[in-house]
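# Here is a sequence with its predicted model. Questions after.
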Amino acid sequence: MTGNAPINVLLADDQPLLRMGFRLILEGEEDLRIVGEASDGADAVRQARELSPDVVLMDVRMPVLDGIEATRAITASGSCARIIILTTFDVDEYAFAGLQAGASAFLLKDVAPSDLVSAVRVVASGDAVVAPRVTQRLLETYVRGAARPAPAVPAPDPLLADLTPRETEMLEAMAEGLSNAEIAHRYYLSEATVKTHVRRILTKLHLRDRVQAVVYAYETGLVVPSNPDY
């Protein structure tokens, strides 16, 4: 996506009325264009390959192939599409699995129209996280895995050694759910400098986007779930 080119969006949901609603909302914006609709995960994977959308709105519960496996297949294919998982509840094991599979964010299905439009633009830019503190709460809940046997402390990823001390601080702040502006304020930096650090972190850790960096921070043990009252 360059210049004034529209953001191309693929809708993947097995409920026609929901797809229609999302289409009506998004097509009301000059910079957004619906390039396809899929009613199951397998069709979403095929259309993502053929249409090269910038953003995929992906329902988690669909026939033939669910949204999690469809997300995994699209990201594994090397597609540049950013995937937003659509879910019913804000703390949802399917949403967490979607983030693990490579999704860039998740939204509730009853999202306000203005928030839906904003989320598509933000995710397409690759520059920020949709509802970062909700993402953090989701990770706190499911990475902690209170119902599972306590796992061994994960061995540090060797790639972490490539980060500078400042970059490690940035990654930890991202995992707290802080926005670029909040990180800049905490460390007395400009937002442009924070964005540069974020880009370098993603490059060094071979991650797709900021949300994947947050998932990585939890899964590698860099950040430990802290609040048992979530």
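Structure's in. What do you need?
# what's around T88, how many residues?
13 (other Cβ atoms under 10 Å). Yep, even glycine has a C-beta here, placed from its N, CA and C like the rest.
# Find me the pLDDT at the residue lying closest to it once chain neighbours are set aside, would you?
Distances taken as Cβ to Cβ, 6 or more residues apart in numbering place K109 nearest to T88, at 5.8 Å, with adjacent residues excluded. K109 carries a pLDDT value of 85.
# which residues sit in contact with K109?
Shown in contact with K109 (Cβ atoms under 8 Å, 6 or more residues apart in numbering): 18, 86-88.
# 10 Å instead?
13, 15, 18, 21-22, 59-60, 86-89, 116 (Cβ atoms under 10 Å, 6 or more residues apart in numbering).
# Next: T71.
Residues near T71 by Cβ under 10 Å, 6+ apart: 12, 41, 44-45, 48, 56, 58, 60, 81, 83-85, 97-104.
# Next: L57.
9-13, 18-19, 22, 26, 34, 37-38, 44, 67, 83-86, 107, 116, 119-120, 123.
# Tell me who's in contact with the residue positioned nearest the centre of the chain.
The chain has S104 as the residue nearest its centroid, 1.7 Å off, counting by Cα atoms, centre = their mean. By Cβ under 10 Å, 6+ apart, S104 lies in contact with 55-56, 71, 75, 81-85, 98, 119, 122-124, 126, 128-130, 208-212.
# Which of these fall in strands?
In strands, defined here by DSSP state E, the members of those are 55-56, 82-85.
# Give me the residues contacting the lengthiest helix in the chain.
Assignment by DSSP state H gives helix 191-205 as the longest helix of the chain. Residues outside helix 191-205 that contact it (Cβ under 10 Å, 6+ apart): 126-128, 157, 159-164, 166-171, 173-174, 178-187, 189-190, 207-210, 212-213, 216-217, 220.
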